[in-house]
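*Asks:* model this:
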Amino acid sequence: MAYRVLMNSPRVAGKEEYVRAFLRERGCELIEHDRSRSLNRAEVRELVRGAHGYVPALDPVNAEIFDLAPDLRVVSAQGVGYDHIDAEEAARRGIAVCICAGANNHAVSELAFGLMLNLARHIRAADAAVREGGWPRLVGPELWGKTLGIVGLGRVGKSTALIARGFGMRVLATDIKWDITFADQNEISYVPLSRLLRESDFLSLHCPLNNQTRGLIDEAAIEQMKPTAYLINTARGPIVKESALVGALREKMIAGAGLDVFEVEPHPENPYRDLPNAMLVPHLGGTTFESNERALELALLNVTQVLNGGEPICRVN
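*Replies:* Sure thing, here's the model as predicted:
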């Protein structure tokens, strides 16, 4: 009997034959459904029954799902974030939880810099003005010589740091696991969060969402930032206390914020939507042609290797 794999992933669209062949060669079969959109909760509840492997979107994977799928043996996220998956409960049930480590490092860090450049140089406002017949002289800071503070020097944080060095930026970082060799080789200084907040011209978040980081950037943290500083969040929305940042942007306590992630996604009444000093994008940091291909292959490898008794590429529980 073939192992059955449910993939709630838009990355599969257009690649169904490749995915089916990949799974078939490894004794698995794809659970079929409409690939034009992500499954809703009711559809997930129905299709996950009988699945041995599951690649979810960002929908919650918790005890409810595990109860519905007694044969489930492995869940693989499509990126590096897995806060939507209850890894502890999965471990109690003998279910492996995996991530696609290394799939989207460059994609996310490049978007972080895109947000920095857009905010600093008023690119969105300049584009809108020219389209309306204007020719404004909008002035903003250079990145060259400025200080970038990185919260979380993991794979994405490191990629961001390397780009920053190319821009001639001074790089500070904080992390509970410090890679001394990488930091020394790339002239990155470890500092505590309080100093990072005080000295950064651009503060970029690249840490996972967990009990320690939820609400990390709150009113007290923002008050320590420079009034000329920019906050960039391409990690997870709840790392920032939304009400605190909205208030700070309204009062111009900091210069601006570039946000790819939010407390609620999607949110038609997004509280940042009327703030001109906020740049908003719809959680697309990890989504490029190249990263999509890497993530799809890594997720497939994670699932099939576990189901066939091997070790996944990256297990987190």
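*Asks:* secondary structure class for the residue most central in space within the chain?
*Replies:* Note on the chain: the residue nearest the mean C-alpha position is Ala235, at 4.3 Å, using C-alpha atoms, centre = their mean. Classification of Ala235 using DSSP: H, G, I helix; E, B strand; the rest coil returns coil.
*Asks:* number of residues surrounding the closest residue to it other than its chain neighbours?
*Replies:* Spatial nearest neighbour of Ala235, chain neighbours left out: Leu205 (4.5 Å); criterion: C-beta to C-beta, 6 or more residues apart in numbering. For glycine as for every other residue, the C-beta is placed from the backbone atoms N, C-alpha and C. When neighbours are counted by other C-beta atoms under 10 Å, Leu205 registers 25.
*Asks:* what of the one 5 residues further on?
*Replies:* Close neighbours of Asn210, defined as other C-beta under 10 Å, add up to 11.
*Asks:* that older thread, enumerate every residue touching the residue nearest to the centre of the chain.
*Replies:* Shown in contact with Ala235 (C-beta atoms under 8 Å, 6 or more residues apart in numbering): Gly81, Gly152, Val156, Leu205, His206, Cys207, Pro208, Leu209, Val261.
*Asks:* at 10 Å instead, please
*Replies:* Shown in contact with Ala235 (C-beta atoms under 10 Å, 6 or more residues apart in numbering): 80-81, 108, 112, 151-152, 154, 156-157, 204-209, 213, 216, 260-261, 285.
*Asks:* quick one: the helices in this protein?
*Replies:* Listed in chain order, the helices of the chain (DSSP state H) span residues 16-24, 41-47, 63-68, 87-92, 105-121, 123-131, 155-166, 180-185, 193-199, 219-223, 242-250, 289-307.
*Asks:* what about those, which gets the closest to Ile99?
*Replies:* Ranking the helices of the chain by distance to Ile99, with C-beta to C-beta as the measure, places helix 289-307 first at 7.9 Å.
*Asks:* elements contacting that closest one?
*Replies:* Packed against helix 289-307 by the contact rule (3 or more C-beta pairs under 10 Å, 6 or more residues apart in numbering; DSSP states H and E) you find strand 3-7, helix 16-24, strand 28-30, strand 53-55, strand 74-76, strand 96-98, helix 105-121.
*Asks:* walk me through the domains of this structure.
*Replies:* Taking automatic domain parsing as the criterion, the chain consists of the domains 3-103+288-307, 105-280.
*Asks:* got CSV for these, with distance to Ile313 and mean pLDDT too?
*Replies:* Shown next, in CSV, are the domains of the chain (distance: least, C-beta to C-beta, whole Å; pLDDT from 0 to 100):
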stretch, distance to Ile313, mean pLDDT
domain 3-103+288-307, 5, 93
domain 105-280, 13, 97
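*Asks:* so can I have JSON lines of these showing distance to Asn317?
*Replies:* Converted to JSON lines, the domains of the chain look like this (distance: least, C-beta to C-beta, whole Å):
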{"stretch": "domain 3-103+288-307", "distance to Asn317": "4"}
{"stretch": "domain 105-280", "distance to Asn317": "13"}
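*Asks:* looking at these, which is closest to Val316?
*Replies:* Using C-beta to C-beta as the criterion, the shortest distance between Val316 and those is 5.4 Å, found for domain 3-103+288-307.
*Asks:* tell me the gap between the closest one and the middle of its chain.
*Replies:* Centroid separation for domain 3-103+288-307 versus its chain: 17 Å, with C-alpha atoms, centre = their mean, to the nearest Å.
*Asks:* returning to that earlier point: for the helices of the chain, give me JSON lines that also has distance to Glu142 and mean neighbour count.
*Replies:* Listed next are these as JSON lines, based on distance: least, C-beta to C-beta, whole Å; neighbours: other C-beta atoms under 10 Å:
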{"stretch": "helix 16-24", "distance to Glu142": "44", "mean neighbour count": "15"}
{"stretch": "helix 41-47", "distance to Glu142": "47", "mean neighbour count": "15"}
{"stretch": "helix 63-68", "distance to Glu142": "48", "mean neighbour count": "16"}
{"stretch": "helix 87-92", "distance to Glu142": "42", "mean neighbour count": "16"}
{"stretch": "helix 105-121", "distance to Glu142": "8", "mean neighbour count": "22"}
{"stretch": "helix 123-131", "distance to Glu142": "14", "mean neighbour count": "13"}
{"stretch": "helix 155-166", "distance to Glu142": "13", "mean neighbour count": "21"}
{"stretch": "helix 180-185", "distance to Glu142": "25", "mean neighbour count": "12"}
{"stretch": "helix 193-199", "distance to Glu142": "17", "mean neighbour count": "17"}
{"stretch": "helix 219-223", "distance to Glu142": "24", "mean neighbour count": "16"}
{"stretch": "helix 242-250", "distance to Glu142": "22", "mean neighbour count": "18"}
{"stretch": "helix 289-307", "distance to Glu142": "29", "mean neighbour count": "21"}
